[in-house]
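A.B. asks: Provided below for reference: sequence and predicted model.
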Amino acid sequence: MKSLILFAHGARAASWAAPFERLRDASQARLPDVAVSLAFLELMEPRLPAEAARLIGAGCTEISIVPVFLGQGGHLLRDLPALVAQLRVDHPGVAIKVAGAVGEDPAVLEAMTNYCVSAI
């Protein structure tokens, strides 16, 4: 079983998660045979280790993690690699792949540029 975890920062305000939940739901609709979920670095639940463990417990053997961050800041350069390294130690039989920050993808940047330009 394959899974996709959208990895976001987290915030104190519950409403902050709404766009990420919509992204999760839209991704799930396009990937009906994949378990798509959302996990957070801090301030919100579930955290990445707990969500990965839940998916693995449900039978997932392949996890793709997509950081829904705009760029490669400290969280993606230090925190995420440490979390993934621990996941690999804790779950050695699971293939774990990490994508680049969503905001660094050329197609995402193009869509964001179009949105910004349309504001004029």
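C.D. replies: Sure thing, it's come through.
A.B. asks: use CA for all of it now, contacts and neighbours both
C.D. replies: Fine.
A.B. asks: how far does the worst-scoring helix or strand of the chain on mean pLDDT sit from its chain's centre?
C.D. replies: Taking mean pLDDT, DSSP states H and E as the measure, the chain has helix 74 as its least confident helix or strand, at a mean of 84. The chain centroid and the centroid of helix 74 are separated by 16 Å under CA atoms, centre = their mean, to the nearest Å.
A.B. asks: mind listing the strands for the protein?
C.D. replies: Using DSSP state E, the strands of the chain run over 2-8, 35-40, 62-67, 95-98.
A.B. asks: what is the subsequent helix or strand relative to the third one?
C.D. replies: Same thing as strand 62-67. helix 74 (DSSP states H and E).
A.B. asks: will you turn the strands of the chain into a markdown table that also has mean pLDDT, distance to residue 85 and mean neighbour count?
C.D. replies: Formatted as a markdown table, these follow (pLDDT from 0 to 100; distance: least, CA to CA, whole Å; neighbours: other CA atoms under 10 Å):
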| stretch | mean pLDDT | distance to residue 85 | mean neighbour count |
| --- | --- | --- | --- |
| strand 2-8 | 97 | 15 | 22 |
| strand 35-40 | 98 | 16 | 22 |
| strand 62-67 | 98 | 13 | 20 |
| strand 95-98 | 98 | 10 | 15 |
